[in-house]
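1. fold the following for me, if possible:
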Amino acid sequence: MEQLKQPARRRGLDRNGLRFWGLLFLTLGAAGRGIIQNRMLGVGQRTIEQLLQVMEASDDAMIFATTALLLQAVETCAVPIFCFLLVDGFQRTSDRTRYLMRVAGVALLSEVPYDLAMGGGVLDLSRQNPVWGLVLAFAALWFYSLYAEKSAKNTLIKLAVTAAAMVWGSMLRVENGASVVLVAAVLWLFRANSTHQNLMGSVAALACSIGSPLMMATPMGFLVVHGYNGQKGKGSRVFNCLAYPALLLIIALTSLYAV
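-> Residues are numbered from 1 along each chain as shown. Prediction:
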């Protein structure tokens, strides 16, 4: 009896694959700041003059400082990945309210672990974890969908909503909050063509580097997005929600034993 052939799997990365790379970039950046920069170099506990003296006196300290900066640059590569996942998920979901609640839930669960990993104690209101940027971007996308009809009035509304979300990201001191909103807005605008989407998303990311030079590396994240095969992939929704806060807790615990 002739065996039925199994359908070939599409090459590339599914949504879980993209999420893995995004989490990897976020983890590397958090480790660079929480372990190397804050714990090993004592940033935040020493003045700039003291840090310069330490780096002048020790080649290892200079290497640590350089590594921390490189890891922070690598971390920004997660911005286009999670912005793309948000836009793609927004288009696929059948229940936007539940989707928003999941994203907001991850942001809430990540706040204390993020503050601990960054050395700010149990609750540091001076900065918020980057997932809140996705919450703001999601709200903006929802407004875009409500004013989808092409008109001058709706275009002005969308621009105002985008600007407001970016301002809120800055005011609330969400890590890369304004950048996340801008990149997500551009990805939504060019969602009909993946090539244009990646190209214009890269341009938007480079524009964000005006405020943060480390974001010069952000467009590299679109190399990962380019490998997306359009498949959801298999995975646990609970695991996806808990992965980031769990990784932050691991970094926080590791930093306690760093030399």
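2. now the helices for this protein?
-> Counting by DSSP state H, the chain has helices at residues 15-31, 48-57, 59-75, 78-92, 96-117, 131-146, 152-171, 177-189, 194-208, 221-225, 237-256.
3. please identify the deepest-packed of those helices.
-> helix 177-189 (a mean of 26; mean count of other C-beta atoms under 10 Å). C-beta here means a position set from N, CA and C on the backbone, and glycine is covered the same way.
4. how far out from the middle of the chain is it?
-> Distance of helix 177-189 from its chain centroid, counting by C-alpha atoms, centre = their mean, to the nearest Å, is 11 Å.
5. where are the low-confidence patches of this protein?
-> Residues of the chain meeting the criterion pLDDT under 70: 1-10, 42-48, 50-57, 59, 120, 258-259.
6. so which residue is dead centre in it?
-> Nearest residue to the geometric centre of the chain (C-alpha atoms, centre = their mean): Val79, 3.8 Å.
7. Pro113 versus that residue, what's the distance?
-> Here the distance between Val79 and Pro113 works out to 20 Å (C-beta to C-beta, to the nearest Å).
8. who touches the residue lying closest to the residue nearest to the centre of the chain once chain neighbours are set aside in this structure?
-> Spatially, and ignoring its direct neighbours in sequence, Val79 is nearest to Thr218 (5.4 Å; C-beta to C-beta, 6 or more residues apart in numbering). Contact analysis of Thr218 by C-beta atoms under 8 Å, 6 or more residues apart in numbering lists Thr76, Cys77, Val79, Pro80, Ser179, Val183, Ser202, Ala205, Leu206, Cys208, Ser209.
9. check the spacing between the first one and Ala164 real quick.
-> Spelled out, it's Thr76. Counting by C-beta to C-beta - Thr76 and Ala164 are separated by 23 Å.
10. what does the second one give?
-> According to C-beta to C-beta, Cys77 stands 27 Å off from Ala164.
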